[in-house]
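A.B. asks: I would like to see how this sequence folds:
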Amino acid sequence: MKDNLQYKILKYLSENDNGDFINVYSVESDKKIIHSELRTLNKKMFIDIRKISNGTITTKILAKINIVGIAFLKKLN
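C.D. replies: Numbers count the residues shown, from 1 in each chain. I've put the predicted structure just below:
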């Protein structure tokens with residue numbers, strides 16, 4: 001699980017948690033994969049997301065880890 005992108009995203013969000021939504025696109029270069037994994041983590045209720053769009057297309061998704069995500073990450077470690 002620790003080499004998995006979802007784990008990397010959760011770890012990044014945890015290490016950079018300042019209480020605000022942050023950009024996680026530096027974790028992976030493929031934007032489509034990041035979007036997919038962020039949506040999956042949001043459905044699992046590990047993160048909260050904020051979508052940035054240009055009207056009809058989501059261009060960026062910002063995220064922050066929540067208490068459920070922190071507990072899950074601690075359980076993995």
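A.B. asks: where do the helices sit along this structure?
C.D. replies: If you assign secondary structure with DSSP state H, the helices in the chain sit at 5-15, 31-43, 67-76.
A.B. asks: Identify, out of those, the most deeply packed stretch.
C.D. replies: Comparing the helices of the chain by mean neighbour count (mean count of other Cβ atoms under 10 Å), helix 5-15 comes out on top with a mean of 17. For the C-beta atoms, the positions are set from N, CA and C on the backbone; glycine is no exception.
A.B. asks: what about that helix, distance to the chain center?
C.D. replies: Centroid separation for helix 5-15 versus its chain: 7 Å, with Cα atoms, centre = their mean, to the nearest Å.
A.B. asks: ok so, going back, so which of the helices of the chain is nearest Ile49?
C.D. replies: Closest to Ile49 of those is helix 31-43 (Cβ to Cβ; 4.9 Å).
A.B. asks: between the closest one and helix 5-15, how many degrees?
C.D. replies: With axes from the mean of the first three to the mean of the last three Cα atoms, to 10 degrees defining the directions, helix 31-43 sits at 70 degrees from helix 5-15.
A.B. asks: My understanding was that Asp20 contacts Lys64; is that so?
C.D. replies: Yes: counting by Cβ atoms under 8 Å, Asp20 does reach Lys64; the two are 6.6 Å apart.
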